[in-house]
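Q: Predicted model and sequence follow; I will ask about them next.
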Amino acid sequence: KIGLLVRSAVAAAAARMASSTARVIQAIKPHNPLIKFRAGSARPDRGPTQTTASSTAMKATSTAAPASSKPVGSTPRGTGIDESQLPARYARKPMSQYEADYIQRGGPE
């Protein structure tokens, strides 16, 4: 008797789960994109204008560069532009006394 009751309770629970699963599946709708792109849109990273511009720039660089110039990246660290030669927007902001004290003590008190 008890086994029959347990089986019927399990069967009823399974039927309820199946019906709720069916409702969830019905509620899920396919994804409809909100933005549509045209099929032949040009990608900026693969466009012909970029390759043309880069090849033109390379030709101009190779013809205009004198033989005595160093290759890019050959300047040792620390020997670049002096801070006094930088434009104002790239110059370091002056440090306040509060910031200097904060750094000296290693963080918050």
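A: Cool, the structure landed.
Q: From here on, just use CA atoms for contacts and neighbour counts.
A: OK.
Q: and the spatially closest residue to residue 108 that is not a sequence neighbour, what element?
A: Nearest residue to residue 108, sequence neighbours excluded (C-alpha to C-alpha, 6 or more residues apart in numbering): residue 102, at 6.8 Å. Taking DSSP states H and E as the criterion, residue 102 maps to helix 97-105.
Q: Surely the residue nearest to residue 108 and residue 95 touch.
A: No: using C-alpha atoms under 8 Å as the test, residue 102 is too far from residue 95 to be in contact (10.9 Å).
Q: ok, those two, which is more surrounded?
A: Shown here are residue 102 and residue 95; by other C-alpha atoms under 10 Å, residue 102 has more neighbours (13 against 8).
Q: ok, that one to residue 96 distance?
A: Residue 102 is 10 Å from residue 96, where distance means C-alpha to C-alpha, to the nearest Å.
Q: likewise residue 30?
A: Taken as C-alpha to C-alpha, the span from residue 30 to residue 96 is 58 Å.
Q: likewise residue 27?
A: 60 Å.
Q: picking that back up, residue 30 and residue 96: which has the busier surroundings?
A: Using other C-alpha under 10 Å, the more surrounded residue of residue 30 and residue 96 is residue 96, with 9 against 6.
Q: Tell me the confidence at the more buried one?
A: If you check residue 96, the pLDDT there is 95.
Q: now do residue 47
A: 54.
Q: now residue 51
A: Reported pLDDT for residue 51: 48.
Q: now residue 104
A: 93.
Q: what's the neighbour count on it?
A: Using other C-alpha under 10 Å: residue 104 sits among 9 other residues.
Q: what's the distance between it and residue 95?
A: 13 Å.
Q: which stretches of this structure form helices?
A: Per DSSP state H, the chain carries helices over the ranges 2-27, 48-64, 97-105.
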